[in-house]
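Visitor: Need a 3D model of the sequence below.
(chains A and B)
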Amino acid sequence: VPGSVVCCSSQNYPLYIRSVPTENELKFHYTVHTSLDVVDEKISAMGKALVDQRELYLGLLYPTEDYKGYGYVTNSKVKFVMVVDSSNTALRDNEIRSMFRKLHNSYTDIMCNPFYNPGDRIHSRAFDNMVNSMMMQVN
Amino acid sequence: ITEVCGAKRMGYFGPAQFYIALKLIAAAQSGFPVRIESIKNELPLPRFMALKNDTEVRYGTPAELHGVKFQVTHTTLEKNSYKRTDEGDKQEPKSPPMSPICSPPASPSTYQRIPLSYGYGKARSGLEQQHGAPYEVRHSTHQQDGPSSGNYGAKSSLTCSTPNRSLSVEREQQDSSTHYSDDPWRITEEQRDYYINQFRSLQPDLNAFISGSVAKNFFTKSKLPIPELSHIWELSDVDCDGALTLPEFCAAFHLVVARKNGYQLPETLPETLLPEYLQAASLKPIRDCALFDSYPEPLPGSQQTRDFSRTEKSSAEEVTDNSALLQDGKKDDRQALKVSTTLKTIPKEFQHLTVKTAAQESNALKARPRSRSYSSTSIEDAMKKGEEPPTPPPRPQKSHSRASSLDLNKIFQQNAQAVRSGWLPPPPPALPPRPSVSQTEQSSEVDLHPQMNRLPSQAEENSSKKEVVLAQPPSKPARRKLRTEAQGLETPELSPTINVTSSFPASKAHLPVQKQSSKQKRAIQTAIRKNKEANAVLARLNSELQQQLKEVHKERIALETQLEQLRPVTVL
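Guide: Next comes the predicted model:
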C-alpha cells in the first residue's frame, strides 16, 4: 500500500522524503507539494494565537480521489506531510496523530545531535528506521 | 624448528613460517620428530606455558575472522601505528619489542615480525582456518580468546616500557578477567582509562555531562566525516539529550576509534557499549586502581597515582576553574611524557588539542547547567593584559623630563645664583637712576638687567665680552627660568610635549623643556636667536641712552658755564 512521508523545513524545502513504493514517486511529491500550500494556509490562519499542542496536528489537508494528505507542523515551522492511500481506510485519525508524534520525537532526537545542522537533509539511520517501521505498520 | 620452517632462511617469521613452526612445536611436544612431514599429522595444538591461552573459537567467514581478529589485536596497535604515521617519531621511548609491532602496516595479510605471544593467537586463527578442524585447547579459567591473549601480549608490551610482557599478561589476565578484547566493541582497560582522561579534559566532573557542542568540536578533531560522526552520536547518545555522560562518551570515543581503525559502524549500539553496561563495568577499573597490590608495575602505579591525584583534585574542586582544567591537561601532558605509554603518546596530539580546545571551549561554552566557569579564563587573561598597560606610562615620566630638568634646574640655579651674585655688586656702583629705566623693560629680562647696568657703567669693550657671556648664560638661566616656570606651570603635567606646548605661549624668550638633545639644540638655537634679538634691542636702547647721556652732559656743561659766568661777581 503506497504512502509517503515528507519532512519540510520552515522554508518549505524538503529535509526528508520517503515514499513507498518507489514508483510513482513523482506523483507523491506532487501531492505533497500541493499539500504544503494547504499547510501554509492553515498556519497563516492560526495567526496571532499562541500555538498549542493540538494545533500542531493539522489533520486532513487534501483529499484527492486516490490519496489523503495529512499535515503536522512543529513550533519551529517544520512541517511533516504524510500521504496515504485512500484505500487504506483502516487508518484512523488517532493513528495518524501517533505517527506524527513519533515523527516529531524522532526529529527532536535528530536535533539533539550536535553534528546536525538545522536545515540539513536528514540522514539519520535512526530516523530512517523509525519511518520504515511506520510505513510497514501502515501498510 | 626455526630452520625447518624456513624462518632462518628468510630471516623472519612470515605467516607461513609461523604456522609451520607452531605445527612443528606441536609435533615436537607430541613426540614426533621435527620434520616437515610431521605437519601432516593430526596434531593437538602446541602448548605454551608462558601464556595461559585458550580459544573460544568464533567462526565467521575465514576472511572476516582473520580480519576481525587481526583488527582486534591490532586495535591498540593500529592506534599506535596510525598515530605514528601522523606524528612521526614520537614513539622512540618505546621498548624495542614495540617496533616490530609497529612497523607492519595495517593490513591483514602482511605482517612480518611478530613476538611469539602476540602472533600466537593469530597463528592459531590462521591454523584453524587452514585446517578447519576444531582443536582441543587447553583452557584457562578465563574464557578468553586466543587473539585476546595475543592482544594482551601486545597490549602489555604496548603499555609497558619494560619487556616483562609475560608477567604483565598474566597479571592482567588475572585482574581484568571480565574485560575481553575479542569483541571489537568491547572497551579495554587502557582504552577506558584513556577515555576517562579525555572526558576529564573536557569536563572535570566525571558525573556531569559533556555538552553537544563541546563533544562535537572534540570529535570533529578525529577528522571523521560529519555524517559518520553524526551516526556515532546517534548510536552513543542513548538518552538523546544532546549531551554525553561518561559511559556515553566512552562509547562514542570507542566508536570513533573503531571507525578510524577501519571498522564499519554498526547499525545499532553494540551491547558492550551500552551505557548501562559501561556504567557497571566502569566501577571495576576504579576499584582495581585502588588495589595497589595488583598493579605493582611502574606504569599502572604511576597511572593510578595520577588518577588518584586527579580524582582528589576533581573532588576537591567542586566548582572547577579553567585553571584547574588547564592544569589537568598540562598534568596529562607531563605525565604522558614521563610514563610514555602508547595510549598516552598516541593521543598526545589529541591532548594538546584538547588542552588548547578545552581552554578555547571553556571560553566559548554556551550556557550549560553543568559547564565550567568559563569566564574565569577570560578574566584571567584580561587581568594579565590589564596588568601590563599601567606600567609603561610612569616610566617615561620619571626618566626624562622631571628628573633631568630638576637636575639641570639645580645646576642652573646654582649657576644663576653665582652669576647673579657676581653681577650684583657691580650694579650698585653703577648709576642709580639706571635701574629705574631698566625696570621699564620686560620682566622676563630681569636677568639681563645687571648686564644692562653694567654696560653703561663700564666701557664698551666689556659689552662684547658681556654679549658673549650674555649669549651663553642667558640661555642657561633662561632655560632654567623656563624650566622653573615650566615646572611651576606644569607640575601635574609630566609629558614633555605638553611642556613644550604650554611653555611656548608664556613668553617669547621661554625655551621649551626638551628631553632629547636635538630638541635641546633647537631650543638653544632659538634661545640664541631670541637673545640676539634681545641683544639688538638692548643695543639700540643703549645707543639711545648714550645719546641722552651726551645731551645731559651738554646741559651740564652749559649750566656750569653759566655758573662760572655768574661767579666772577663773587670772586671780587
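Visitor: Flag every residue of chain A that's near chain B.
Guide: A:108-109, A:111-116, A:123-126 (CB under 8 Å from any CB of the partner chain). (C-beta placed from N, C-alpha, C; glycine too.)
Visitor: Now a ChimeraX select for only the buried ones of those residues.
Guide: In ChimeraX, a selection of the buried entries from the residues of chain A next to chain B looks like this (16 or more other CB atoms under 10 Å in any protein chain shown):
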select /A:109,111,112,113,114,115,116,124,126
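Visitor: and the gap between B:Phe219 and chain A?
Guide: According to CB to the nearest CB, to the nearest Å, B:Phe219 and chain A sit 8 Å apart.
Visitor: Return the distance of B:Leu269 relative to chain A.
Guide: Applying CB to the nearest CB to B:Leu269 and chain A gives a distance of 11 Å.
Visitor: longest helix anywhere in chain A?
Guide: helix A:25-46 (DSSP state H).
Visitor: Tell me the helix or strand right after that helix.
Guide: strand A:57-63 (DSSP states H and E).
Visitor: tell me the angle of that following strand relative to helix A:25-46?
Guide: 130 degrees (axes from the mean of the first three to the mean of the last three CA atoms, to 10 degrees).
Visitor: rounded to a whole number, what's the mean pLDDT of the next helix or strand after strand A:57-63?
Guide: Moving toward the C-terminus from strand A:57-63, the next helix or strand (DSSP H and E) is strand A:67-73. Average pLDDT, strand A:67-73: 81.
Visitor: same question, stretch B:242-260
Guide: On average, stretch B:242-260 scores 85.
Visitor: Go through that stretch and flag the buried ones.
Guide: Buried-residue list, stretch B:242-260, by 16+ other CB under 10 Å: B:242-259.
Visitor: Tell me how far A:Pro63 lies from B:Thr2.
Guide: 83 Å (CB to CB, to the nearest Å).
Visitor: Specify the beta-bridge partners of the residue nearest to A:Phe100 when sequence neighbours are not counted.
Guide: Spatially, and ignoring its direct neighbours in sequence, A:Phe100 is nearest to A:Tyr72 (4.0 Å; CB to CB, 6 or more residues apart in numbering or on different chains). On the basis of DSSP bridges, A:Tyr72 takes part in beta bridges with A:Tyr57, A:Phe80.
Visitor: which residues sit against the helix or strand harbouring A:Ser98?
Guide: Using DSSP H and E, A:Ser98 falls within helix A:93-112. For helix A:93-112, contacts defined as CB atoms under 8 Å, 6 or more residues apart in numbering or on different chains pick out A:5, A:7, A:56-57, A:59, A:70, A:72, A:74, A:78, A:80, A:82, A:84, A:116, A:118, A:122, A:124, A:126-127, A:130-131, A:134, A:138, B:212, B:234, B:237, B:240-242.
Visitor: so how far is it off the chain centroid?
Guide: Centre-to-centre, helix A:93-112 and its host chain are 9 Å apart (CA atoms, centre = their mean, to the nearest Å).
Visitor: Now the element after that helix, going C-ward?
Guide: helix A:125-138.
Visitor: With only the CA atoms kept, save that following helix in CSV.
Guide: Written as CSV, here are the backbone C-alpha positions of helix A:125-138 (Å, rounded to 0.1, in the frame of the first residue of the first chain):
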residue,chain,number,x,y,z
ARG,A,125,19.6,6.0,10.3
ALA,A,126,17.5,6.0,13.4
PHE,A,127,15.1,8.3,11.7
ASP,A,128,15.0,6.0,8.7
ASN,A,129,14.4,3.0,10.8
MET,A,130,11.6,4.7,12.5
VAL,A,131,9.9,5.8,9.3
ASN,A,132,10.4,2.4,7.8
SER,A,133,8.7,0.7,10.7
MET,A,134,5.9,3.2,10.5
MET,A,135,5.4,2.7,6.8
MET,A,136,5.4,-1.1,7.3
GLN,A,137,2.9,-0.7,10.0
VAL,A,138,0.7,1.5,7.9
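Visitor: so what does it touch, helix or strand wise?
Guide: Packing contacts for helix A:125-138, counted by 3 or more CB pairs under 8 Å, 6 or more residues apart in numbering or on different chains; DSSP states H and E, involve strand A:3-8, strand A:14-20, helix A:93-112, helix B:226-236.
Visitor: what lines up beside whichever helix or strand comes after the last one in the sheet?
Guide: If I follow you right, that is helix B:226-236. Moving toward the C-terminus from helix B:226-236, the next helix or strand (DSSP H and E) is strand B:243-244. Looking at strand B:243-244 with DSSP bridges, its partner strands are strand B:210-211 (antiparallel).
Visitor: Quick one: name whatever helix or strand follows the partner strand.
Guide: From strand B:210-211 onward toward the C-terminus, using DSSP H and E, the following helix or strand is helix B:212-220.
Visitor: report the angle between the axes of that next one and helix B:226-236?
Guide: Using the same axes, to 10 degrees, helix B:212-220 lies at 120 degrees relative to helix B:226-236.
Visitor: In the chain, where is pLDDT below threshold?
Guide: In the absence of a named chain, this looks at chain A. In the predicted model, chain A carries pLDDT under 70 at residues A:1-2, A:21-24, A:45-56, A:59, A:62, A:65, A:88-91, A:138-139.
Visitor: please go with chain B instead
Guide: Across chain B, the ranges flagged by pLDDT under 70 are B:5-9, B:34-183, B:281-515, B:570-572.
Visitor: and the longest helix belonging to it, what other elements does it pack with?
Guide: Counting residues, the longest helix found in chain B (DSSP H) is helix B:517-566. When contacts are defined as 3+ CB pairs under 8 Å, 6+ apart, helix B:517-566 packs onto helix B:448-457, helix B:460-489.
Visitor: Let me know the secondary structure of the closest residue to B:His231 other than its chain neighbours.
Guide: The shortest distance from B:His231 to any non-neighbouring residue, by CB to CB, 6+ apart, is to B:Leu265 (5.6 Å). Recorded secondary structure, B:Leu265: coil (DSSP: H, G, I helix; E, B strand; the rest coil).
Visitor: ok, B:Leu265 - how many residues close by?
Guide: B:Leu265 has 15 neighbouring residues, counting by other CB atoms under 10 Å in any protein chain shown.
Visitor: Contacts only, for it.
Guide: Going by CB under 8 Å, 6+ apart, B:Leu265 touches B:228, B:231-232, B:235, B:255, B:258-259.
Visitor: Then B:Asp237?
Guide: A:112-113, B:243-244, B:248, B:252.
Visitor: Quick check: the gap between it and A:Tyr107.
Guide: Distance, B:Asp237 to A:Tyr107, by CB to CB: 15 Å.
Visitor: any idea how far B:Tyr194 is from the closest residue to B:Leu278 other than its chain neighbours?
Guide: In this structure, B:Leu278 finds its nearest non-sequential neighbour in B:Pro247, 3.6 Å apart by CB to CB, 6+ apart. Look at B:Pro247 and B:Tyr194: by CB to CB, they are 15 Å apart.
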